[in-house]
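Engineer: Predicted model follows, preceded by the sequence.
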There are 2 protein chains.
Amino acid sequence: MAKPNIPDIVVSRLPLYLQTLNHLLREGEEVISSEELSEQVGIPAVQIRKDLSYFGGFGVKGKGYDIIHLIDSLRSILNLNQIWPMVIVGVGNLGQALIRYQGFARQGFEIVLALDINPKIIGTEIAGIVVQDVGLMESELKRSDIRIALLTVPANAAQSTADALVANGIKAILNYAPIILKLPEGVRVANIDPVLKLEHLTYYLS
Amino acid sequence: MAKPNIPDIVVSRLPLYLQTLNHLLREGEEVISSEELSEQVGIPAVQIRKDLSYFGGFGVKGKGYDIIHLIDSLRSILNLNQIWPMVIVGVGNLGQALIRYQGFARQGFEIVLALDINPKIIGTEIAGIVVQDVGLMESELKRSDIRIALLTVPANAAQSTADALVANGIKAILNYAPIILKLPEGVRVANIDPVLKLEHLTYYLS
DNA sequence: AGAAACTTGTGATTTCAATCACAACTATTA
DNA sequence: TAATAGTTGTGATTGAAATCACAAGTTTCT
Ligand SMILES: NC(=O)c1ccc[n+]([C@@H]2O[C@H](COP(=O)([O-])OP(=O)(O)OC[C@H]3O[C@@H](n4cnc5c(N)ncnc54)[C@H](O)[C@@H]3O)[C@@H](O)[C@H]2O)c1
Ligand SMILES: NC(=O)c1ccc[n+]([C@@H]2O[C@H](COP(=O)([O-])OP(=O)(O)OC[C@H]3O[C@@H](n4cnc5c(N)ncnc54)[C@H](O)[C@@H]3O)[C@@H](O)[C@H]2O)c1
């Protein structure tokens, strides 16, 4: 359960710590100081310690953090001790790449339903998932506990599709379409737009 | 030319304003107040005005902003009055989707070089681009003016590939691999990692 | 065992970004 | 024309996040 008064910017850094800790664990490390973690993750050590201290004391003075224990704690804080089923809407170039991406399942996010509007795409199988007609959204979502959606339809279909998803119980949307979605309170949206990132980068290129 | 003392967080919002203004222009709007723009973009009007005021006065008191003029100004600030050629390294699932993505060229970003290490992929043509051997990186980049790279290789190859890109003149990297790149000063990196975004979202899902 | 080195966790402080408040100007209405 | 409403641009203020500074505890060294 998310405590209400922790700055969102603090929460946003936790997945980064988790990612880096997972790397370190794979390399055989067992304990790490905030200073060493800082070098890996590129965030000041004192900020890492302060971020973690919002949730409790996970380290040992004079020693550092037990990596396995800290990973466990972060996964618990971020509600990652479960498999999160997801729906993807829009199985075009990008949608297919995301369905094939191994990185989601590896971290406990599983695409279990894929929807499209194009008859040529409906019925095809991608990485074990058979694409369904988007018209089945209501019935398919009703009999599932999916709360997360990946939105990879064209921009002009994104708002109406998002509305439909929310009407059928979706609580979080990862939106790849280059528009700003307007959704009711209580639904969380995160956007991924490479063009915005590039336009940010070019500001600094002479 | 980027003025040095403008907060990065301000710069990061400009592409968002530009995106929304482009939408409005396509819908036939000609003038917009900061208040109306605020509703579209989801950022307070006063913050939009303050952000813009770092770069000059683009509006007319009592009236608002001429959309075409403001778009022009933002494009100029962000160095978008040119075509930016880009290289992509790693032409797998994601790389192929990005090469096919129309949204880059539409905003002046053009993938002109695609590199991979896999002999089965080298030589294939995707959306008009013939994939080259990554061994040709040096010679291909030397005779080009490419300064932006899209990095879509597996995580374990990302750091070394990024180092090679930088050694060959790349100044900005859009990194899709789920690791934190360590690069010299003067090279800008932006990361796109959907898993981190999902892990941020799940914090708020009960 | 005692001293020195190391490291966490956090209240106090500083820095930076967001918001407020309003003067200056424009457009519209009567 | 004069009054009213609308809107920008920005100095002043507030608020929030980052950093500092250090007490408290642990480990290592001699
Ligand atoms: N391709 C990329 O690498 C990339 C990168 C960043 C963002 N995006 C964005 O992601 C979205 C998809 O891009 P793409 O390149 O895969 O496009 P695409 O045209 O290849 O795929 C879009 C898919 O959505 C389906 N679709 C259209 N309307 C639908 C609806 N109402 N309901 C369900 N499905 C519907 C289409 O049939 C198609 O299969 C776009 O908004 C694009 O701007 C793409
Ligand atoms: N597929 C996705 O939707 C997705 C989403 C987010 C992030 N990512 C990340 O993007 C990267 C690519 O993912 P993918 O699914 O396309 O993987 P992939 O295995 O399909 O493609 C990787 C490509 O990189 C090439 N490659 C490997 N080593 C190379 C090297 N040293 N030089 C040049 N090319 C090399 C491979 O031959 C392959 O074609 C990974 O880091 C992944 O974590 C992918």
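Structural biologist: Yep, that arrived. Ligands and ions are numbered 1, 2, ... in the order given.
Engineer: quick one, what contacts A:Leu136?
Structural biologist: Counting by Cβ atoms under 8 Å, 6 or more residues apart in numbering or on different chains, A:Leu136 touches A:Leu115. Bear in mind the C-beta positions are built from the backbone N, C-alpha and C, glycine included.
Engineer: Up against ligand 2, what does chain A have?
Structural biologist: A:Ala97, A:Leu98, A:Tyr101, A:Gly103 (Cβ under 6 Å from any ligand atom).
Engineer: Going by distance to DNA strand C, which of those wins?
Structural biologist: When those are ranked by distance to DNA strand C (Cβ to the nearest atom of the strand), A:Gly103 comes first, at 28.3 Å.
Engineer: Mind putting the residues of chain A next to ligand 2 into CSV with neighbour count?
Structural biologist: As requested, the residues of chain A next to ligand 2 are exported to CSV (neighbours: other Cβ atoms under 10 Å in any protein chain shown):
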residue, neighbour count
A:Ala97, 20
A:Leu98, 26
A:Tyr101, 18
A:Gly103, 15
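Engineer: Need the max-distance pair from the residues you listed.
Structural biologist: The distance between the two most remote of the residues of chain A next to ligand 2 (Cβ to Cβ) is 11.1 Å, for A:Ala97 and A:Gly103.
Engineer: Distance check, the residue of chain A found nearest ligand 1 against chain B.
Structural biologist: The nearest approach of chain A to ligand 1 comes at A:Gly92, 1.7 Å away (Cβ to the nearest ligand atom). Counting by Cβ to the nearest Cβ, to the nearest Å, the gap from A:Gly92 to chain B is 8 Å.
Engineer: near DNA strand D, which residues of chain A show up?
Structural biologist: Within reach of DNA strand D by Cβ under 7 Å from any atom of the strand, chain A has these residues: A:Pro7, A:Asp8, A:Ile9, A:Val10, A:Pro44, A:Val46, A:Gln47, A:Lys50, A:Val60, A:Lys61, A:Gly62, A:Lys63.
Engineer: Check which residues of the helix or strand hosting A:Ser139 are buried.
Structural biologist: For A:Ser139, the element it lies in under DSSP states H and E is helix A:137-142. Buried positions in helix A:137-142, judged by neighbour count with 16 or more other Cβ atoms under 10 Å in any protein chain shown: A:Met137, A:Glu140, A:Leu141.
Engineer: now do stretch A:39-54
Structural biologist: A:Gln40, A:Val41, A:Ile43, A:Ile48, A:Arg49, A:Asp51, A:Leu52.
Engineer: what sits against the first one?
Structural biologist: Under the criterion of Cβ under 8 Å, 6+ apart, the neighbours of A:Gln40 are A:Thr20, A:His23, A:Leu24, B:Ile180.
Engineer: And for chain A, the residue most distant from the center?
Structural biologist: Distance from the C-alpha centroid of chain A peaks at A:Gly62, with 34.2 Å (Cα atoms, centre = their mean).
Engineer: Turn the contacts of A:Gln40 into TSV, columns for distance to DNA strand C, pLDDT and neighbour count.
Structural biologist: Below are these laid out as TSV (distance: Cβ to the nearest atom of the strand, whole Å; pLDDT from 0 to 100; neighbours: other Cβ atoms under 10 Å in any protein chain shown):
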residue	distance to DNA strand C	pLDDT	neighbour count
A:Thr20	14	98	22
A:His23	17	97	16
A:Leu24	13	97	19
B:Ile180	18	98	19
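Engineer: how about those residues, which pair is most distant?
Structural biologist: Spatially, the most separated pair among those is A:Leu24 and B:Ile180, at 11.9 Å (Cβ to Cβ).
Engineer: Following the chain onward from the helix or strand of chain A with the lowest mean pLDDT, which element is next?
Structural biologist: In chain A, no helix or strand scores lower on mean pLDDT, DSSP states H and E than strand A:59-60, which sits at a mean of 95. As assigned by DSSP H and E, the chain's next helix or strand after strand A:59-60 is strand A:64-66.
Engineer: Give me the buried stretch members for the helix or strand just after that next one, please.
Structural biologist: Downstream of strand A:64-66, the next assigned helix or strand under DSSP H and E is helix A:67-77. Going by neighbour count (16+ other Cβ under 10 Å), the buried part of helix A:67-77 is A:Ile67, A:Leu70, A:Ile71, A:Ser73, A:Leu74, A:Arg75, A:Ile77.
Engineer: Among these, which one lies nearest to chain B?
Structural biologist: Of all the buried residues of helix A:67-77, A:Ile77 has the smallest distance to chain B: 7.0 Å, by Cβ to the nearest Cβ.
Engineer: Who are the contact partners of the closest one?
Structural biologist: A:Leu14, A:Phe55, B:Tyr203.
Engineer: For those, pick the one with the most neighbours.
Structural biologist: Within the contacts of A:Ile77, A:Leu14 tops the neighbour count with 23 neighbours, counted by other Cβ atoms under 10 Å in any protein chain shown.
Engineer: Who are the contact partners of the residue in chain A that ligand 2 sits nearest to?
Structural biologist: Using Cβ to the nearest ligand atom, A:Tyr101 is the residue of chain A that sits closest to ligand 2, at 3.5 Å. By Cβ under 8 Å, 6+ apart, the contact list for A:Tyr101 reads B:Asn93, B:Leu94.
Engineer: what mean pLDDT does stretch A:105-121 have?
Structural biologist: The pLDDT scores in stretch A:105-121 average 98.
Engineer: How about that stretch and chain B, any contact?
Structural biologist: Yes - using Cβ under 8 Å from any Cβ of the partner chain, stretch A:105-121 reaches chain B at A:Gln107, A:Phe109.
Engineer: and that stretch, does that touch ligand 1?
Structural biologist: Yes - counting by Cβ under 6 Å from any ligand atom, ligand 1 has neighbours in stretch A:105-121: A:Leu115, A:Asp116, A:Ile117, A:Asn118, A:Ile121.
Engineer: what's the angle from the longest helix that chain A contains to helix A:67-77?
Structural biologist: Longest helix of chain A, by residue count under DSSP state H: helix A:8-26. Going by axes from the mean of the first three to the mean of the last three Cα atoms, to 10 degrees, helix A:8-26 is angled at 140 degrees with respect to helix A:67-77.
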